[in-house]
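Visitor: Give me the fold of what follows.
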Amino acid sequence: MLKQSNPLQIYLDHGATTPVRTEVIEAMLPYWTDVYGNPSSVHRFGQLARKGLQYARTTIAELINCRTNEIIFVGCGSESDNLALRGVMWSARKFGIGNHLITSAIEHKAVLDTASQLRDLAGFDITILPVDEFGQISLDDLTSSIRPDTVLISLMAANNEIGTIQPIEEIGAIAQERGVLFHTDAIQAAAMRDWDLNRMPFDLVSMAPHKFYGPKGIGILYARQNIELVSTLTGGGQENGRRAGTENVAFAVGTAEALRLALEERQENTIHYQALRNQLIDGIIESFSDDCKLTGHPTNRLPNNASFTFRNISGNDLIFHLDVAGISASSGSACLTGDPEPSRVLKAIGLSDEWTKGGLRLTVGKQNNEDQIEYVLKVLPDIVNRFRQIKVQVA
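Guide: Take a look at the predicted model:
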């Protein structure tokens, strides 16, 4: 059950985070108030907490069809990406089995910055694949980039900014055939598809429940059995030695409940999301001529993602004025205030400078409806036209 927190504000930033469902809060509540022991403790309170943690792990494993010991609870989606990359590459260094990592130009910074640090501070070799105008990699480019010392391929399931979906099954098959591990950042896509990780050619998968109506402050890393990971957070040896720190039992239980609900309702949600997404795309493209572009793949994109860019407009200014009008959205730019930096994703898909600062991402959710979208379609052209008039007057 979800409620719009402010009926006067239309929230279209579900790609950034989602509200926590009432059912998820109710599932977590006992682990703050009654079952509050440390799951590493041997007394009754610790045993009860440990049962809650094991319940969460078992539930998630059943939902995505993997073994319970393949589920690692971490602090967030970014940490999941970090552990996948550092854990695998440091293990390769430890055993002397390879030095090369492949990723793409439009990955989340949790992947790209980690890859860059592995290159700059630890001497690993990194290949960053280009993407086409829709944000998809070339499978031929990927195949030709694999070397005898390639250890890991890390490519996202769907882009967080422009919504483009990558062919991860084909990528995984290529990696598997060449004996290379494959990690996918599925943080945007986790609730948008079904998972059968016992069958799918994925070795590591990152997820974060706050993208599907669960809590912030926890993430999941699926790591296939027998993959050696060097822990990036050392200490008490929790999570079978792969992630130190007292486990957040309440959030783990909330994650399991959020994922259960999301996958159970996936088909219904997808129909709802796609209808609103298409309403946004059709309406915005119709309202503008040459000064607006749809970004990302026109059809092979996340069902809740409508992303655009406006020529010679600051995305930050656009977001601010939409917020004043009662619409919460996000921009593709890297900065929150001041003059925004060009979006690296929009640059990577080949857009020129006049387009790369004007990103607008609208991501719909369960509580949105057609009337809200119609309001957006009414307000947005007025805001953009005001910007245009101001620029003409200044000129």
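Visitor: Does Arg277 fall in a helix, a strand, or a coil region?
Guide: Under DSSP: H, G, I helix; E, B strand; the rest coil, the three-state class of Arg277 is helix.
Visitor: Look up how far Asp194 lies from it.
Guide: Per CB to CB, to the nearest Å, Arg277 is found 20 Å from Asp194. Quick note: C-beta positions are derived from backbone N, CA and C, even for glycine.
Visitor: out of those two, which sits in the busier spot?
Guide: Neighbours were counted for Arg277 and for Asp194 using other CB atoms under 10 Å; Arg277 has more, 23 against 11.
Visitor: name the helices or strands packed onto the helix ranked longest in the chain?
Guide: Taking DSSP state H as the criterion, the chain has its longest helix at helix 370-394. Helix 370-394 sits against strand 10-11, helix 266-287, helix 315-324, strand 327-328, with contacts defined as 3 or more CB pairs under 8 Å, 6 or more residues apart in numbering; DSSP states H and E.
Visitor: how far off helix 266-287 does it point, in degrees?
Guide: 30 degrees (axes from the mean of the first three to the mean of the last three CA atoms, to 10 degrees).
Visitor: Give me the residues contacting helix 370-394.
Guide: 10, 12, 275-276, 279-280, 283-284, 287-288, 291-292, 310, 312-313, 317-318, 321-322, 325-327, 362, 364 (CB atoms under 8 Å, 6 or more residues apart in numbering).
Visitor: how about that helix: buried residues?
Guide: Gln372, Ile373, Val376, Leu377, Val379, Leu380, Ile383, Val384, Phe387 (16 or more other CB atoms under 10 Å).
Visitor: Any chance of TSV for those, columns pLDDT and distance to Thr127?
Guide: Shown next, in TSV, are the buried residues of helix 370-394 (pLDDT from 0 to 100; distance: CB to CB, whole Å):
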residue	pLDDT	distance to Thr127
Gln372	98	43
Ile373	98	41
Val376	98	40
Leu377	97	42
Val379	96	44
Leu380	97	39
Ile383	94	41
Val384	93	39
Phe387	81	40
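Visitor: ok, Gln54 - contacts?
Guide: Contacts of Gln54 by CB under 8 Å, 6+ apart are Thr68.
Visitor: quick check: angle from the longest helix of the chain to helix 315-324?
Guide: Using the same axes, to 10 degrees: helix 370-394 against helix 315-324 is 130 degrees.
Visitor: The chain should start at 25 in everything you say after this.
Guide: Sure, I'll start numbering at 25, so the last one becomes helix 394-418.
Visitor: Tell me the gap between helix 394-418 and the middle of its chain.
Guide: Remark: helix 394-418 is offset 29 Å from the chain centroid, using CA atoms, centre = their mean, to the nearest Å.
Visitor: do the same with stretch 303-311
Guide: Per CA atoms, centre = their mean, the centroid offset for stretch 303-311 relative to its chain is 25 Å.
Visitor: So what touches that stretch?
Guide: For stretch 303-311, contacts defined as CB under 8 Å, 6+ apart pick out 316, 318, 330, 332, 386, 388, 394, 397-398, 400-401, 404-405.
Visitor: State the pair within those residues that is farthest apart.
Guide: Using CB to CB, the pair of those lying farthest apart is Cys316 and Glu394, separated by 21.3 Å.
Visitor: before we move on, the earlier item: quick one: which of the contacts of stretch 303-311 is nearest Gly76?
Guide: Distance to Gly76 across the contacts of stretch 303-311 (CB to CB) is lowest for Val388, with 33.0 Å.
Visitor: Now for Val98: which residues touch it?
Guide: The contact partners of Val98, taken as CB under 8 Å, 6+ apart, are Ser104, Leu107, Ile242, Gly243, Ile244, Leu245, Glu263, Arg267.
Visitor: could those go into a markdown table alongside distance to Phe97?
Guide: Supplementary listing: these in a markdown table, determined by distance: CB to CB, whole Å:
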| residue | distance to Phe97 |
| --- | --- |
| Ser104 | 9 |
| Leu107 | 11 |
| Ile242 | 6 |
| Gly243 | 8 |
| Ile244 | 7 |
| Leu245 | 8 |
| Glu263 | 6 |
| Arg267 | 7 |
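Visitor: taking these one by one, which sit in helices?
Guide: Reading helices off the contacts of Val98 with DSSP H, I get Ser104, Leu107, Glu263.
Visitor: ok, Glu50 to Ala108 distance?
Guide: Distance from Glu50 to Ala108, counting by CB to CB: 32 Å.
Visitor: now Ser354
Guide: Ser354 sits 25 Å away from Ala108, going by CB to CB.
Visitor: And the two? Which one has more around it.
Guide: Using other CB under 10 Å, the more surrounded residue of Ser354 and Ala108 is Ala108, with 31 against 21.
Visitor: check contacts around the more buried one.
Guide: Ala108 makes contacts with Leu176, Ser178, His207, Leu228, Ser230, Leu245, Ala247, as judged by CB under 8 Å, 6+ apart.
Visitor: and what of Glu263?
Guide: Counting by CB under 8 Å, 6+ apart, Glu263 touches Ile96, Phe97, Val98, Glu271.
Visitor: try Trp56
Guide: Residues near Trp56 by CB under 8 Å, 6+ apart: Ala274.
Visitor: Validate this expectation: it resides in a strand.
Guide: No - under the criterion used here (three-state DSSP), Trp56 is helix, not part of a strand.
Visitor: rewinding a little: can you flag the weakest of the helices and strands packed on helix 394-418 by average pLDDT?
Guide: Sorting the helices and strands packed on helix 394-418 by mean pLDDT places helix 339-348 lowest, at a mean of 94.
Visitor: Show me what counts as buried in that helix.
Guide: Buried residues in helix 339-348, counting neighbours by 16+ other CB under 10 Å, are found at Gly339, Asn340, Asp341, Leu342, Ile343, His345, Leu346.
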